[in-house]
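# model the following, please.
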Amino acid sequence: MAPTGIVHHETVHYSGQVQGVGFRYTTLLLARGYDVSGSVQNLADARVRVEVEGEQPEVNAFLAAIEERMGGFVRHVERAGERRAPQFSGFTIR
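Prediction:
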């Protein structure tokens, strides 16, 4: 069990044809099915960044759902994870 107030956090960068295909909206809808918080946003370099936090199994399941639903648009994924105090409330498009 994680220490009180500590969650698993991942920053994930998706590249490929990930802008203009409903990636952010789909990610927002998928997040509603998991106990996660965070945000999704388009970046100026044509990538999409997802920041997500929660218990590690929930984070992993959520990211797997994104891959399953949007994987056809993704060419490359970069993931970086850490344990830290929560910084998000809910899940939003930025």
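# so where's the protein shaky on pLDDT?
For the chain, applying pLDDT under 70 flags the ranges 1-4.
# ok, now with 50
For the chain, the stretches flagged by pLDDT under 50 are 1-2.
# and the residue nearest in space to the middle of it, what are its bridge partners?
For the chain, the residue lying nearest the average C-alpha position, counting by CA atoms, centre = their mean, turns out to be residue 50 (3.7 Å). According to DSSP bridges, residue 12, residue 40 are recorded as the beta-bridge partners of residue 50.
# ok, it touching residue 40?
Yes - the criterion here is CB atoms under 8 Å, and residue 50 meets it with residue 40 at 4.9 Å. Heads up, the C-betas are built off the backbone N, CA and C, glycines and all.
# list residues touching both of these two?
Shared contacts of residue 50 and residue 40 (CB atoms under 8 Å, 6 or more residues apart in numbering): residue 27.
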